[in-house]
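Quick one: sequence plus predicted model below, questions after.
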Amino acid sequence: MRIRLLKSLIPSCALLLFASFAAWSQTPPKPQTPTPPPASYSPQLRDQLQAVRDAALSSDYAWHQLAYLTENIGPRPAGSPQAQAAAEYVAAELRKLGLDVHLEPAQVSHWIRGEEQALLVDYPGRVPDTTQRLALTTISGSSATPPAGITADIVVVHNFGELTALGREKVAGKFVLFNVPYDQRKALAGMAFEAYGEAVAYRAGGPKAAAQLGALAALVRSVGGADYRLPHTGYSVPAGIPAAALAAEDADLVEHLAAQGRVRMSLTLTPQTLPDVTGYNVVADLKGSDHPEQIVVVSGHLDSWDLGRGAIDDGAGVVISMATAEILQRLHIRPLRTLRVIAWMDEENGGGGHRAYAKTHAAEFSNHIAAIESDAGAGHPLGFYMKMTPAALAALHPLLDILRPIGSTVFRSSEYSPGSDIEPLVEAGVPGIGMIQDGRKYFDYHHSAADTLDKVDPQELRENAAAMAVIGLALAAMPDPLPR
């Protein structure tokens, strides 16, 4: 399903991986090598860019920051005490670097997982007085069951067409399981985000489609690889019914049993969607020397899901943005324009952070020169997605020589914003840039309990910091801003 068909159902917080990647699942654009501009960067700027690159490759600043965020603070769901502590921690660390730091308030979602349990209570061949427990996790649009749970028969479908063909008569009063595999072969071939885009439509829109036909609850096969009975959570459109993701093995178990006869499940989910609370974006400026009013954003999102510790999604994006400022300060490089580090809040489950930023800073958008976001993991950086004019893309061409030693040389034009949190900026005409990271294993851990520090390779994190710092400095130090 193309992204245009999903936008009416899914808020911008859930569009990061759709808008940036899923739109290419049918017609992926070819990497573009722009025509070099008439003049390359000055020798001084090239020397600075190389120095920044090399400093990042030999620094563990980002790693130490990521370790503290993930292991000392832990999971950081929007609205939680950990999210607040993380915002205060990042702000304090950026103040230590000498940046002008603000905690900017935003109304953010506040969702609590609660109890989650699924038991198969009747199925062909069941041994009397036994049940089978399934591995599942609630997805955020879910309604709660009664405290004692609900029990119903299960019907299995593989796409929306099959659900429609069943009709209300065969769906009403039952649980619907969407058993749609994440295509691991695509992922291993370097098309992980396309595979994700194909499968995640059922997590996002499946519960609503099932509810419209009278289903009591919706279940989806977890969207991710590395099938170790590890369920992956995420956003779904609220549909007024309980909704959860089953581990891949358990989704297949249910399908195998359903092919033999009647299958009944007892399901207990007790999530709570509480009133929005005040959270905070961290906004930190390294003021420019000549044009402090002109702003280049480097960013990642600080909130995470609650199952893991938010290392690849998206602690890594936050700390490489912090590292960009740290390296410039350590090397005493003050660019012409202001480098603005933003740690966004509430990307995962509501988008309150970027909406608040857009409202607060709308009058400054004409002075935002570019916005960079990293939210695709911490794998080796291959290059950048770019939503900008061909002339702007060409102006960045000299960076290819600087980035070639770390292999970050793919400059790919994007039709959509290459990040959900920078989307309001991009829609206002600000050139947008998103990191391209090796995603072959990203969805093994994404939105799961396995999103922990050990999944990040320290050297690849250094490479990401180097790529972010190089392009951030170039945008802040080029004699002329990017054309729009």
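Received, thanks.

which outside residues touch the helix or strand harbouring Val426?
When elements are defined using DSSP states H and E, Val426 is found to belong to helix 423-427. By CB atoms under 8 Å, 6 or more residues apart in numbering, the residues outside helix 423-427 that reach it are 12, 15, 19, 297, 354-355, 357-358, 365, 368, 371, 387, 417-419, 432. All C-beta spots, glycine's among them, are computed from the backbone N, C-alpha and C.

Now do the same for the residue in the chain sticking out farthest from the centre: its pLDDT.
For the chain, the residue at maximal distance from the C-alpha centroid (CA atoms, centre = their mean) is Pro128, at 44.6 Å. pLDDT recorded at Pro128 is 96.

From Ala371, how far out is it?
Applying CB to CB, to the nearest Å, one obtains 62 Å for the distance of Pro128 from Ala371.

likewise Gly261?
For Gly261, the distance to Ala371 equals 55 Å [CB to CB].

same check, this time on Leu393
Distance of Leu393 to Ala371, given as CB to CB: 15 Å.

repeat for His232
When distances are taken as CB to CB, His232 and Ala371 turn out to be 28 Å apart.

List the buried residues of stretch 356-369.
If you call a residue buried by 16 or more other CB atoms under 10 Å, then stretch 356-369 has these buried ones: 356-358, 361, 365, 367-369.

what does the domain assignment say about the protein?
By the record's domain assignment, the chain is partitioned as 3-106+278-477, 114-274 (automatic domain parsing).

Determine which of these approaches Pro483 most closely.
Of all the domains of the chain, the one in closest proximity to Pro483, counting by CB to CB, is domain 3-106+278-477 (4.6 Å).

What mean pLDDT does that closest one get?
90.

Neighbour count: Gly261 and Ala371, which is higher?
Between Gly261 and Ala371, Ala371 has the larger neighbour count (other CB atoms under 10 Å), namely 30 against 10.

For the host helix or strand of Ile342, which strands pair with it and how are they oriented?
Following DSSP H and E, one finds Ile342 within strand 337-344. Strand 337-344 has these partner strands in its sheet, going by DSSP bridges: strand 272-286 (antiparallel), strand 291-301 (parallel).

Strands of the stretch 151-300 of the chain, start to end?
In the stretch 151-300 of the chain, strands defined by DSSP state E, counting those that start in this stretch lie at 175-178, 217-221, 243-246, 264-269, 272-286, 291-301, listed in chain order.

winner for burial among those?
Greatest average neighbour count among the strands of the stretch 151-300 of the chain goes to strand 217-221 (a mean of 29), per mean count of other CB atoms under 10 Å.

And that one, what does it pack against?
Counting by 3 or more CB pairs under 8 Å, 6 or more residues apart in numbering; DSSP states H and E, the packing neighbours recorded for strand 217-221 are strand 150-157, strand 175-178, helix 192-212, strand 243-246, helix 248-258.

Now the third one - C-alpha only, PDB.
Presented in PDB, the C-alpha positions along helix 192-212 are these (Å, rounded to 0.1, in the frame of the first residue of the first chain):
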ATOM      1  CA  ALA A 192      14.300  -3.700   5.200                       C
ATOM      2  CA  PHE A 193      12.300  -0.500   5.200                       C
ATOM      3  CA  GLU A 194      10.300  -1.600   2.100                       C
ATOM      4  CA  ALA A 195       9.500  -4.900   3.900                       C
ATOM      5  CA  TYR A 196       8.400  -3.000   7.000                       C
ATOM      6  CA  GLY A 197       6.200  -0.700   4.900                       C
ATOM      7  CA  GLU A 198       4.400  -3.700   3.400                       C
ATOM      8  CA  ALA A 199       3.700  -5.400   6.800                       C
ATOM      9  CA  VAL A 200       3.100  -2.500   9.100                       C
ATOM     10  CA  ALA A 201      -0.100  -1.400   7.300                       C
ATOM     11  CA  TYR A 202      -1.800  -4.200   9.100                       C
ATOM     12  CA  ARG A 203      -0.600  -3.100  12.500                       C
ATOM     13  CA  ALA A 204      -1.600   0.500  11.700                       C
ATOM     14  CA  GLY A 205      -5.000  -0.100  10.100                       C
ATOM     15  CA  GLY A 206      -5.900  -3.700  10.800                       C
ATOM     16  CA  PRO A 207      -7.700  -3.100  14.100                       C
ATOM     17  CA  LYS A 208      -9.900  -0.400  12.600                       C
ATOM     18  CA  ALA A 209     -10.800  -2.600   9.600                       C
ATOM     19  CA  ALA A 210     -11.600  -5.500  11.900                       C
ATOM     20  CA  ALA A 211     -13.700  -3.300  14.200                       C
ATOM     21  CA  GLN A 212     -15.800  -2.000  11.300                       C
END
